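Participant: fold the following, please.
(one chain, ligands or ions: 1)
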Amino acid sequence: MTFEEFDVPTSHCPKCSSANDRASTESRTAPRAGDVSVCACCGEILEYDQRLRLIPISDGKRAAAQAHGLWPQILRYQAAAKRCKARREN
Ligand SMILES: [Zn+2]
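Facilitator: Residues are numbered from 1 along each chain as shown. Okay, the predicted model is just below:
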């Protein structure tokens with residue numbers, strides 16, 4: 001699995017307040033408004049707003065990701081972020 005990294009405007013995770021200014025994607029395309037993201041610091045599932053700031057995922061976006069079969073992949077990213085967080089705290 002190859003990831004590509006992109007700069008994004010600095011924003012703060014609405015759950016843990018960590019600053020995020022990079023995005024890693026498998027799709028090799030820069031994040032766009034409405035894309036789903038996972039906070040690398042706490043694992044919160046988020047989405048990008050029109051200015052590429054991280055906001056809580058909307059119910060509609062969550063339902064769309066589930067309907068399109070993307071949810072298992074999102075949960076794997078979330079689990080990886082939570083494992084990293086647990087390692088940092090130990
Ligand atoms: Zn977070």
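
Participant: buried ones in the longest helix along the chain, by neighbour count?
Facilitator: Looking across the chain with DSSP state H, the single longest helix is helix 71-89. The neighbour-count check on helix 71-89 (16 or more other CB atoms under 10 Å) flags 71, 74, 77-78, 81, 85 as buried. To be clear about C-beta, it is placed using only N, CA and C from the backbone, and glycine gets the same treatment.

Participant: for stretch 27-43, same thing?
Facilitator: In stretch 27-43, counting by 16+ other CB under 10 Å, buried: 31, 35-43.

Participant: do the same with stretch 55-67
Facilitator: Buried, per 16+ other CB under 10 Å, within stretch 55-67: 55, 57, 61-62, 65.

Participant: circling back: need the buried residues of helix 71-89 in JSON lines with pLDDT and distance to residue 21, can you?
Facilitator: What follows is the buried residues of helix 71-89, written out as JSON lines (pLDDT from 0 to 100; distance: CB to CB, whole Å):
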{"residue": "71", "pLDDT": "95", "distance to residue 21": "26"}
{"residue": "74", "pLDDT": "94", "distance to residue 21": "21"}
{"residue": "77", "pLDDT": "91", "distance to residue 21": "18"}
{"residue": "78", "pLDDT": "94", "distance to residue 21": "20"}
{"residue": "81", "pLDDT": "90", "distance to residue 21": "16"}
{"residue": "85", "pLDDT": "84", "distance to residue 21": "18"}
